[in-house]
Structure formats: C-alpha cells, structure tokens
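**Q** Sequence plus predicted model, see below.
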Amino acid sequence: MTDPNDDPLTFEGVESLDASQLDTSAFDAPKSDLTSDYCTVRDIAGYQRNLISVLFYKLVLAIVFSFTPAHALIALRCELIAMGLIGLISLYFIFMLTRELNGTAMAVLCSAFMFVPCLSILTILVVNQSAMAYLRRKRIRVGFFGVDPKSIE
C-alpha cells in the first residue's frame, strides 16, 4: 500500500477549494466593449456621410463636364484634375467604410472596383446601402445625406 504523503497530487498545507472559490472568468462569454462599438458606429456614420458627399460632387462634376465645350482646353484639364482628386477621395472612403463593415479583403476588392468607370458608381451605391443597413440595425436614423453627427453624440 502507498503512503498518502507520497502522492504527487497531494500537497501539504493546501486546503481543498469549493466551487465558489474557483475563477471561471475564462469560461464566461466576452463582455462587449461599448466604447469601441460607439467608435465603430461613429466612424461608419462619418465615412458614409463623406461618401455621400463625394458621390454628390462626382455627379455635379459629371454634369458640368458634359456642358463644357470641347475647345475649352484649360477647363477640361481642370475638370479632369478635379475628377481625379474626387476619385482618390472616394477610393479612400470606400476602402475605410468597407474595411469597417466587411474586413480588409472586401475593402481591397471594392477599391479595385473603383477603377472601373461605371462599376465605381455601383460600388459606391452598394457600400452605401450596406452602411445604411448597418446603422439602421444599430437604431440610428439615417437621412438622405447620412447620419446627423449630433444624433450620435
């Protein structure tokens, strides 16, 4: 027969623990961080609002571009530069908004779509609709030009 003092699982001076003294925090469901959720919603609302503004500027510039006479070379150059800048800004907001909503891989894919002329407008509309659906699920009122910044704070 073996001596209980030789048992490697028995320690001298250690009292037995009952279930109320055990730390079970590793098995609990993670608690949501409301601050990070607020920041995410605020970021998505801001990106969505800016994306709508960029879409508006793109449409206005396309209308102005269509009425510019072909012989006005300086005006055409200025409009092309403005379209390029608005394109880069929309690329940034599409990437950031899609990354917040769907992750980096989808953001890269949507950014690639922004270089195709007609597909870029469609991408902006689809990502905008996705952002509006996300914000509405969070019970935030979304208007025609996005979320009012005062309603989030």
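**A** Everything's here; your move. Numbers count the residues shown, from 1 in each chain.
**Q** mind listing what's buried in the helix or strand hosting A62?
**A** Remark: A62 resides in helix 34-67, with elements defined by DSSP states H and E. If you call a residue buried by 16 or more other CB atoms under 10 Å, then helix 34-67 has these buried ones: 41, 44-55, 57-58, 61. For the C-beta atoms, the positions are set from N, CA and C on the backbone; glycine is no exception.
**Q** and the worst-scoring helix or strand of the chain on mean pLDDT, what other elements does it pack with?
**A** Ranked by mean pLDDT, DSSP states H and E, the weakest helix or strand in the chain is helix 149-152, scoring a mean of 74. If you count contacts as 3 or more CB pairs under 8 Å, 6 or more residues apart in numbering; DSSP states H and E, helix 149-152 packs onto helix 34-67.
**Q** ok, now how distant is the spatially closest residue to I44 that is not a sequence neighbour from Y47?
**A** Sequence neighbours aside, E100 is the residue nearest to I44 in space, at 5.2 Å (criterion: CB to CB, 6 or more residues apart in numbering). Taking CB to CB, to the nearest Å as the criterion, E100 is separated from Y47 by 7 Å.
**Q** thinking A75 is in contact with L61, fair?
**A** No: using CB atoms under 8 Å, A75 is not in contact with L61, being 11.9 Å away.
**Q** these two touch, right, V142 and M132?
**A** Yes: the pair V142 and M132 passes the contact test of CB under 8 Å, sitting 5.0 Å apart.
**Q** Poorly predicted segments of the protein, please.
**A** Counting by pLDDT under 70, the ranges of the chain that qualify are 1-38, 153.
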